[in-house]
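*Asks:* Let me see the structure of the following:
(2 chains)
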Amino acid sequence: MARQPDRPPPPPVVQRLRIRYAKRGRMRFTSHRDVARALERALRRASLPMAYSAGFSPHPKVSYAGASPTGVASEAEYFEIALAEQRDPDDVRRALDDALPPGLDIVEVVEAAPGPSLGERIAASRWRVELREVDQAEAAAAIERFLALGTAPVERLTKDGTRTVDARAAVVQVSVDGAAPEGDFAPCAILDLVVRHTTPAVRPDDVMMALRQAAALPTPVTPLVTRLAQGLLDETPSASDGTPDHPVRLLDPLAADVVEAPPQ
Amino acid sequence: MPVQTIFDRLEPLLPSVSKPIQYVGGELHATVKDWDEAGEATVRWCLMYPDAYEVGLPNQGVQILYEVLNEQDGVLAERTYSVWPDMEAVMREHDIPQFTVDAHRPVKAFDVFGISFSTELGYTNMLTALDLAGIALHASDRSEDDPIVVAGGHAAFNPEPVADFVDAAVLGDGEQAALRVTDIVREWKRDGRRGGRRGLLLRLATDGVAYVPSLYDVDYLADGRIQRVTPNQAGVPWRVSKHTVMDLDEWPYPKKPLVPLAETVHERYSVEIFRGCTRGCRFCQAGMITRPVRERSITTVGDMVQRGIAATGFEEVGLLSLSSADHSEIGEIAKGLADRYEGDNVSLSLPSTRVDAFNITLADELTRNGRRAGLTFAPEGGSERMRKVINKMVTEEDLIRTVSMAYGNGWRQVKLYFMCGLPTETDDDVLQIAEMAKHVIQAGREAAGRKDIRCTISIGAFVPKPHTPFQWAAQLDWETVDKRLKALKATVMNDRNYGKSIGMRYHDGRPSIIEGLLSRGDRRVGAVIERVWRDGGRFDGWSEHFSFDRWAAACDVVFADSPVSLGWYTTREREQSEVLPWDHLDAGLDKDWMWEDWQDALRSVEVDDCRWTPCYDCGVCPSLGTEIQVGPTGRRLLPLSPV
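*Replies:* Sure, this is the predicted structure:
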């Protein structure tokens, strides 16, 4: 039998909170592990009554839903925490946001309602891709070539060597968004990209690689990528088909918790 | 003169380098002040730890100075670290200078560039930083626009190998010294920078706050030894002394330590519970150059931990010192902190503990609220005779008693640190390490009543250091070190009863020879460092970057047609009369006393700790006007009142 520490077991979980946060500005260079460490310290500084795991190395109960890659900004990252005492979600949002460095910003905190887990409510991401020094018309033409492809295999370097993913299959929608800011990097094409979460994952830079290789789009500057939303694809009959006039919609993964939470 | 941030140029390049978070700053408690906070009289420091961010960020010395300086009006301090080779290539390609991580300002724009050397293996990284910053490598080539380059840290007690590259070196505790340097720079600026760069260096030297190598001439004898070191300017002192902070309770830093986003080697709130050590281990440079012992009181330690944990959110508290269990009130400190953080999952650690000062009550307090990591002790020598030579007065009985108690109380893993290559060491002394480990396992199995306990022995090669009684000793050649370690490994692995319970960790002896060259070298070694760096030498403290052959080849070229060589600097024993390169730098230790202690070592004569026995005249207290400051104070830590 495994040895147990000779101290009382940790207090039980009485509340679960689901949290949406943003990675902005220079914080986009944090890795998932960096964010996890920063969050756990912020939870301590904010003096939240965290529930801890049992055992010799107790750790606070925090679980993360798929993290954005290092170097990518995000408006929609999610995690869930377990508390040993009840707290008002809005107080938690304020306290945690104050305790985090600027750029890691808490956007929304809701009490978890019964039903599907966070992971089960996320199946796709919407990305905003800023292609600096790329002309909009050129980008649109490349996208047309890309969408016409049956498959778009790209190679990616991973810890275990090179592996090939099909960048085309996971793309639900990609189009040039009209607005492009003036600035040092003009002209600038902005893409609206919706990618299904698959295994292995297809990331925005895989799609960019395919646009460069298979669709011959030159990208002189590293694209600036931001995740705008995560969620399930809206597949109701009235929903869109991914054409420019009917963009694909993602369902807010916290909506169910907000609606079903008991009135205060 | 406004100074531009380089961040806008850096940012688009960051996705292409490894671990970009280390270059963006934004740590909790990082400070960015106005460049012209006090107009022209603003004194601007750039502080560097010359290793990768993950190693450099937690460094206590840099964090303390960063906070002490930034608390001052009219002073700003920012930090820079060594960039990895991939980043160096990107910076060279895009013409981006060495920058600070706080406001991304170019290092060259600062007044003082302070570099903290815990180890000599950071010297090549200093050259990378100077070169990337656009600062001339040689102090003699610098212009009025360049910062004053100041070395600090333990290696600064012999800065001669880097005398070509640094403008000044500060010895000892940095808190007050950094403020004194700041005052001198400010006065010099207010005086219209009279005398230019040389005028400032002369002020620093004549004040005594810093050693300025260019104001001293070194003459050599025909056989390569130093004849004399003499000041070449009136008013420059013959010897420069170290700085000693005399009341640690008045300097409770770091108050708000930096909390990084990136992963670093130490993730804890560290508080020094005392400075200095008079145990008298003869190999230990830190123990010799930081005397006398000055304790921080139990109440100040308690206050610092309380504020530090609240400010950082760290889960671990490190009670730092050279031998933490020696604090006169360590039991009360450990119990008081464990009581305060009962149920909070805040764990305590004592990174340096002596076998003879350790007990299970203390160990239990340390692990009451948190994780029960392994226990670590450093007998340093495998045989009783060896431990007498190095004055590490720990008997095997002490060790066996302590580890038996530990295994009997639930610990499963004990780590033991040793050195190989100590003066007078024989093959058999090293094989005794295996015997000791076997006895530990044997006693542990009995105490625990089970067989699945482990002992790891970790062995480093001994490097003789300046300002220690072993400064005259011959360093053991790396071939013999490797031979002895291989024989030890074979003895451990071939033991049927205990071999599987003993782990062994060691490195080959070659990096230690280069560390020896850089530790006891003189100004002639500077050309070797520069040649190695020009040949691509970087991150010499990292085995994957270090190249012994590169260093050996550089020595061959630089020392050709000269009486000195790599072996001359390392494996040669020195005579009493030899002028050592650091003799004009004063750690307070009496050279005659050190020679006597060296002779005692050769006769296996031990010396006691002056905290508990009469003074043995090492010379530090009378020559520097310092004294031992130890408790007990008799005070206790009160429970924290809820806020």
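
*Asks:* going forward, measure contacts and count neighbours with C-alpha atoms only.
*Replies:* Fine.

*Asks:* Give the burial count for residue B:564, as a bare number.
*Replies:* By the criterion of other CA atoms under 10 Å in any protein chain shown, residue B:564 has 18 neighbours.

*Asks:* Let me fix that, I meant to ask about residue A:35.
*Replies:* There are 20 residues near residue A:35, going by other CA under 10 Å.

*Asks:* and if you look at residue B:92?
*Replies:* When neighbours are counted by other CA under 10 Å, residue B:92 comes out with 12.

*Asks:* Could I get the phi/psi values of it?
*Replies:* phi -70, psi -40 (degrees, to the nearest 10).

*Asks:* With the one 3 residues further on instead?
*Replies:* Listed backbone geometry of residue B:95 is phi 60, psi 50, with angles given as degrees, to the nearest 10.

*Asks:* how about the residue lying closest to residue A:108 once chain neighbours are set aside, secondary structure?
*Replies:* Leaving aside its sequence neighbours, residue A:108 sits nearest to residue A:20 (CA to CA, 6 or more residues apart in numbering or on different chains; 5.1 Å). Under DSSP: H, G, I helix; E, B strand; the rest coil, the three-state class of residue A:20 is strand.

*Asks:* ok, residue A:20 touching residue A:76?
*Replies:* Yes - Residue A:20 lies in contact with residue A:76 (CA atoms under 8 Å); the separation is 6.0 Å.

*Asks:* neighbour count winner among the two?
*Replies:* Taking neighbours as other CA under 10 Å, residue A:20 and residue A:76 compare with residue A:76 leading, 24 against 19.

*Asks:* So which elements touch the helix or strand harbouring that one?
*Replies:* Residue A:76 belongs to strand A:73-83 when assigned by DSSP states H and E. Under the contact definition 3 or more CA pairs under 8 Å, 6 or more residues apart in numbering or on different chains; DSSP states H and E, strand A:73-83 sits against strand A:15-23, strand A:62-65, strand A:224-233.

*Asks:* List of residues touching it?
*Replies:* Residues outside strand A:73-83 that contact it (CA atoms under 8 Å, 6 or more residues apart in numbering or on different chains) are A:13-25, A:27-28, A:48-51, A:60-68, A:225-230.

*Asks:* Check residue 150 and give its pLDDT.
*Replies:* Here I'm looking at chain A. Residue A:150 is assigned 91 on the pLDDT scale.

*Asks:* ah, no, chain B please
*Replies:* 98.

*Asks:* I'd like to know which elements the helix or strand containing residue B:386 is packed against.
*Replies:* Under the criterion of DSSP H and E, residue B:386 resides in helix B:384-389. On a contact count with 3+ CA pairs under 8 Å, 6+ apart, helix B:384-389 meets helix B:591-602.

*Asks:* Just the residues contacting the helix it packs on, thanks.
*Replies:* Helix B:591-602 is contacted by residues B:282, B:388-391, B:423-424, B:468-470, B:576, B:606, B:617-619 when judged by CA under 8 Å, 6+ apart.

*Asks:* can you map out the strands along the stretch 151-264 of chain A?
*Replies:* Ranges of strands within the stretch 151-264 of chain A are A:153-158, A:161-166, A:171-177, A:188-196, A:224-233, A:250-251, based on DSSP state E, counting those that start in this stretch.

*Asks:* which residues of the stretch 201-350 of chain B fall in strands?
*Replies:* Using DSSP E, counting those that start in this stretch, strands in the stretch 201-350 of chain B cover B:216-220, B:226-231, B:240-241, B:269-272, B:274-275, B:294-295, B:316-320, B:347-349.

*Asks:* a markdown table please, covering these and showing mean pLDDT and mean neighbour count.
*Replies:* Below are the strands of the stretch 201-350 of chain B laid out as a markdown table (pLDDT from 0 to 100; neighbours: other CA atoms under 10 Å in any protein chain shown):
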| stretch | mean pLDDT | mean neighbour count |
| --- | --- | --- |
| strand B:216-220 | 98 | 13 |
| strand B:226-231 | 98 | 17 |
| strand B:240-241 | 98 | 22 |
| strand B:269-272 | 95 | 24 |
| strand B:274-275 | 97 | 24 |
| strand B:294-295 | 97 | 26 |
| strand B:316-320 | 92 | 21 |
| strand B:347-349 | 85 | 24 |
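
*Asks:* Need those strands in a markdown table (columns: distance to chain A).
*Replies:* Conversion of the strands of the stretch 201-350 of chain B to a markdown table gives the following (distance: least, CA to the nearest CA, whole Å):
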| stretch | distance to chain A |
| --- | --- |
| strand B:216-220 | 47 |
| strand B:226-231 | 50 |
| strand B:240-241 | 42 |
| strand B:269-272 | 12 |
| strand B:274-275 | 27 |
| strand B:294-295 | 29 |
| strand B:316-320 | 11 |
| strand B:347-349 | 10 |
